[in-house]
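[1] here's my sequence, what's the structure:
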Amino acid sequence: MTDVFPLSAEARAGAGKGVARQTRRDGRIPAVIYGGKQTPLNISLEKFEFTKILHKPGFFTHLFDVTVDGATHRVLPRDVQFHPVTDVPLHVDFLRVSADTRTTVQVPIEFVNQDKSPGLKRGGVLNIVRHELDVTCAADNIPEHITVSCEGFDVGDSIHISAVTLPAGVTSTITDRDFTIATIVAPSGMKSDAGDETAAS
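    Residues are numbered from 1 along each chain as shown. From the prediction side, this is the model:
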């Protein structure tokens, strides 16, 4: 079950750039809740409270219960627009979700059992090709991370998606190829030794 975090908001009258600018001048961040076959709801968030939440790990994979005028909306963050210079959040998009909502999200990958990799034990280096995985799953069952085991992989081996056991109900959005998650590469010293042996022979 995905963690759900409370978030308070205020209704925002109207839309448009002028209203958004005034909202920011008031120390709040304009946002919108859309989807769920309902009318989009314009809201505003308290700037400092939201910024702290935004910078916590896994923001885009967590559900939020946004309370507006006594009503609670379960949502999933879909987009945050930032100021190009100051990197301050300017606008937030939330998607309404329910128990039967399936969504596509980017989930961080966690590499485990590195001590059980012959290649890494011999000094090889884990070359991570993908730090996140695009998956489709139920909105209330978004995994915190995808676990990828390095056990048994040697120098020169590649870890493909076919070697990864995804949680129940979670599927990769890429289904047409067995793409690479990571590789075990030789360190420069090991490569030099191999090159010296080749030259000597």
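[2] measure residue 151 to residue 143 for me?
    Here the criterion is CB to CB, to the nearest Å. By it, residue 151 lies 20 Å from residue 143. The C-beta positions use only the backbone N, C-alpha and C, and glycine is treated the same way.
[3] those two: who's more crowded?
    residue 143 (21 against 12; other CB atoms under 10 Å).
[4] beta partners of residue 148?
    Beta-bridge partners for residue 148, by DSSP bridges, are residue 111.
[5] my read: it touches residue 114, true?
    No. Taking CB atoms under 8 Å as the definition, residue 148 is not a contact partner of residue 114, at 10.2 Å.
[6] of the two, which one has the most company?
    Between residue 148 and residue 114, counted using other CB under 10 Å, residue 148 has the larger neighbour count: 20 against 15.
[7] now do the closest residue to residue 88 other than its chain neighbours, the pLDDT please.
    Spatial nearest neighbour of residue 88, chain neighbours left out: residue 82 (6.7 Å); criterion: CB to CB, 6 or more residues apart in numbering. pLDDT, residue 82: 94.
[8] identify the residues contacting residue 82.
    88, 89, 90 (CB atoms under 8 Å, 6 or more residues apart in numbering).
[9] quickly note the distance from it to residue 90.
    6 Å.
[10] picking up where we left off before, for the residue nearest to residue 88, what are phi and psi?
    phi -120, psi 150 (degrees, to the nearest 10).
[11] mind giving me the domain split of the protein?
    Domain segmentation of the chain under automatic domain parsing yields 4-96, 102-200.
[12] in this structure residue 46 contacts residue 28, no?
    Yes. With contact defined as CB under 8 Å, residue 46 counts as touching residue 28 (6.1 Å).
[13] so between these two, which is more surrounded?
    residue 28 (19 against 15).
[14] what's near enough to touch that one?
    10, 44, 45, 46, 47.
[15] ok, those residues vs residue 94, which is closest?
    residue 45 (9.8 Å; CB to CB).
[16] the closest one reaches residue 26, doesn't it?
    No. Residue 45 is beyond contact range of residue 26, at 11.4 Å (criterion: CB under 8 Å).
[17] residues contacting residue 21?
    Taking CB under 8 Å, 6+ apart as the definition, residue 21 has no contacts.
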